[in-house]
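In: here is a sequence together with a model predicted from it:
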Amino acid sequence: MEELKAIMEKFAASGWDLISVPARQWLDGKADKDALISAVRQADEECGSCGCELDPLYKRALELI
């Protein structure tokens, strides 16, 4: 659970609304699990191979959710 929390904190701090908003909601205990999964999947599709530090975190977050 700590690993997922750390990933969500990175997502929340990313400034990319697609993942920062649902990640912040998750951290606040107000997350819709399906919406979170959908957002992470979309982020992975759009940016999952750009080379940034978040790339490997999308797939790992999906494993942990």
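Out: Arrived safely, thanks for sending.

In: which stretches in this structure count as strands?
Out: Counting by DSSP state E, the chain has no strands at all.

In: what number of residues lie near Leu36?
Out: For Leu36, the count of nearby residues is 21 (other Cβ atoms under 10 Å). For the C-beta atoms, the positions are set from N, CA and C on the backbone; glycine is no exception.

In: any idea how far it lies from Val21?
Out: To Val21, Leu36 is 10 Å away according to Cβ to Cβ, to the nearest Å.

In: and if you look at Pro56?
Out: Using Cβ to Cβ, one obtains 21 Å as the distance from Pro56 to Val21.

In: what's the answer for Tyr58, then?
Out: Tyr58 is 16 Å from Val21, where distance means Cβ to Cβ.

In: who has more neighbours, the two?
Out: A count of neighbours by other Cβ under 10 Å puts Tyr58 above the other of Tyr58 and Val21, at 23 against 15.
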